[in-house]
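**Q** With the input below, show me the fold.
(one chain, ligands or ions: 1)
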Amino acid sequence: MRRRLFIVISALSLMLCLACIIMWVRSYWRYDEAGWNQRSRNGSVGEAEYFNVVSECGQLRFDLQWYRGNAIAFPADWPTDGVSVRRPGLDSRPAVSGRYDDFGHFGFFYGSIVRPDLVSRSLLVPHWFLTIAAAISPSVWWCKARRTKRRNTAGLCKKCGYDLRASKDRCPECGTAIPAALVRRPVA
Ligand SMILES: [Zn+2]
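**A** Residues are numbered from 1 along each chain as shown. The predicted structure follows:
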């Protein structure tokens, strides 16, 4: 059961890893954005809430933003229809200092602006980090599968590596059942 769960997680992780690589490469010439935006007005009071995920320049950016104030003074650099208008010099988004090419930050960044009328938080995670994180589980799976295959071929116990060529049914060392294919192997 645990083994099956591990294989399912590894397979999903592998797909995620491939998706990360595609997004990583794509991010250098495409700007991708997905998210949820809501903007409303009640008389002179305007309210806005955003959650956006942006992929660009080797990084994935998570924006969480909230505004409640003058309805005609919505932050000008926030998206209205799902597509951000990026205008540098405006101050309602945290200024990104850790760019991908800034090796000292390894592409990570977190910034926030908290005012009575506005809360804006941004988190940047580099695509390379997500790719490596997603690759861990499939790599462990691959190494385990290789070891099992190597031990099977050599006539060794898949669990503890004990030489099983003179044994049958169970490993005398750890008690693991011997696969039928191994039992039939002649003693060398
Ligand atoms: Zn064994």
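**Q** Residue 170 contacts residue 178, doesn't it?
**A** Yes: between residue 170 and residue 178 a contact is recorded at 6.4 Å, counting by C-beta atoms under 8 Å. No exception for glycine: its C-beta is placed from N, CA and C like everyone else's.
**Q** what pLDDT does the closest residue to residue 44 other than its chain neighbours get?
**A** Using C-beta to C-beta, 6 or more residues apart in numbering and skipping residues adjacent in sequence, the residue nearest residue 44 is residue 71, 5.4 Å away. We have a pLDDT of 83 for residue 71.
**Q** can you give me the helices in the protein?
**A** Applying DSSP state H to the chain gives helices spanning 2-26, 127-154, 180-183.
**Q** Out of the ones you listed, which gets nearest to the ion?
**A** helix 127-154 (9.4 Å; C-beta to the ion).
**Q** List the buried residues of that closest one.
**A** By neighbour count on 16 or more other C-beta atoms under 10 Å, the buried set for helix 127-154 is 127-128, 130-131, 134-135, 137-138, 141, 151-152.
**Q** Enumerate the residues of the protein near the ion.
**A** 157, 159-160, 162, 171, 173-174, 176 (C-beta under 5 Å from the ion).
**Q** Can you give me every residue that contacts residue 160?
**A** 171, 173-174, 176 (C-beta atoms under 8 Å, 6 or more residues apart in numbering).
**Q** Show me which of those residues are buried.
**A** residue 171.
**Q** OK, contacts around the residue nearest to residue 44?
**A** By C-beta under 8 Å, 6+ apart, the contact set of residue 71 is 41-46.
**Q** at 10 Å what do you get?
**A** Residues near residue 71 by C-beta atoms under 10 Å, 6 or more residues apart in numbering: 39-48.
**Q** Please apply the same query to residue 66.
**A** Counting by C-beta under 10 Å, 6+ apart, residue 66 makes contact with 47-51, 114, 117-121.
**Q** Find the nearest non-adjacent residue to the most centrally placed residue in the chain, please.
**A** In the chain, the residue lying closest to the centroid (C-alpha atoms, centre = their mean) is residue 130, at 4.0 Å. Distance criterion C-beta to C-beta, 6+ apart; nearest residue to residue 130, sequence neighbours excluded, is residue 20 at 4.8 Å.
**Q** Cheers, nothing more for now.
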